[in-house]
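> This is a predicted model, with the sequence first.
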Amino acid sequence: MPPGELDRLYDDHASALFAFLLNFTRDESDTRDILQEVFTRLASRPHILQGVVDVRGFLLRLTHNLAVDAIRRRASRRRTQDAMAQEAVSIFEPEPNPDQAIVQRQIEAALAELPPEQRAVLQLKLWEGLTFDAIADVLGIPLNTAASRYRYAMDKLRPRLRPLYDEIR
């Protein structure tokens, strides 16, 4: 690719590719990442455009393919995270007392039934002692969302753990 050609391609096509990507992904951050990947590929493989008659069409196709790949990666990552979130994880230190260990397993099982977003807020509130303000900051969510996720989690846990509470009281 002759010097300055990549700059010209960017100037001529970036805004159209950006608009196409934004409409396709509905996420500005993903759009910027994919657009950067398109031009990184062009820079690293200058021969890729040899013989191409319709440059805009080629770039749109390349952009679409990279966007589909990114969406697939995101979906795969989400499925993996969801599967991992369903696994019961011990949040307590091993307890030598068998009765305590049973209680801990029941609490862990109840927590595993919560959606990951609610579980995260509950963890930060109860075990880390964070305020809702701090939780909202850490998770990048509005303050009211943090508070409502905590409330929903507690509403789900209450009936599930009530028999356990009554038993050990």
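Cool, got the structure.
> packing partners for the lengthiest helix in the chain?
When the chain is parsed with DSSP state H, its longest helix is helix 55-86. The contact analysis (3 or more Cβ pairs under 8 Å, 6 or more residues apart in numbering; DSSP states H and E) places helix 55-86 against helix 5-25, helix 28-44, helix 116-122. Quick note: C-beta positions are derived from backbone N, CA and C, even for glycine.
> JSON lines for the ones you listed, including mean pLDDT, distance to Ala153 and mean neighbour count?
Below are those laid out as JSON lines (pLDDT from 0 to 100; distance: least, Cβ to Cβ, whole Å; neighbours: other Cβ atoms under 10 Å):
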{"stretch": "helix 5-25", "mean pLDDT": "90", "distance to Ala153": "31", "mean neighbour count": "15"}
{"stretch": "helix 28-44", "mean pLDDT": "94", "distance to Ala153": "28", "mean neighbour count": "16"}
{"stretch": "helix 116-122", "mean pLDDT": "85", "distance to Ala153": "4", "mean neighbour count": "19"}
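> Tabulate these in JSON lines, adding columns for distance to Arg160.
As requested, those are exported to JSON lines (distance: least, Cβ to Cβ, whole Å):
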{"stretch": "helix 5-25", "distance to Arg160": "38"}
{"stretch": "helix 28-44", "distance to Arg160": "37"}
{"stretch": "helix 116-122", "distance to Arg160": "13"}
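> Looking at those, which is nearest to Ser148?
Nearest of these to Ser148, taken as Cβ to Cβ: helix 116-122 at 9.0 Å.
> ok, residues contacting that closest one?
Contacts to helix 116-122, defined as Cβ atoms under 8 Å, 6 or more residues apart in numbering, come from residues 81-82, 85, 111, 114, 135, 139, 146, 149-150, 152-154, 156-157.
> Now restrict these to buried residues only.
Leu111, Leu114, Ile135, Leu139, Ala146, Arg149, Tyr150, Tyr152, Ala153, Met154, Lys156, Leu157 (16 or more other Cβ atoms under 10 Å).
> Now render those as TSV, adding pLDDT and distance to Ala19.
Formatted as TSV, the buried ones among the contacts of helix 116-122 follow (pLDDT from 0 to 100; distance: Cβ to Cβ, whole Å):
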residue	pLDDT	distance to Ala19
Leu111	83	44
Leu114	85	40
Ile135	88	36
Leu139	82	31
Ala146	93	34
Arg149	94	35
Tyr150	95	40
Tyr152	96	38
Ala153	93	40
Met154	92	44
Lys156	93	42
Leu157	89	46
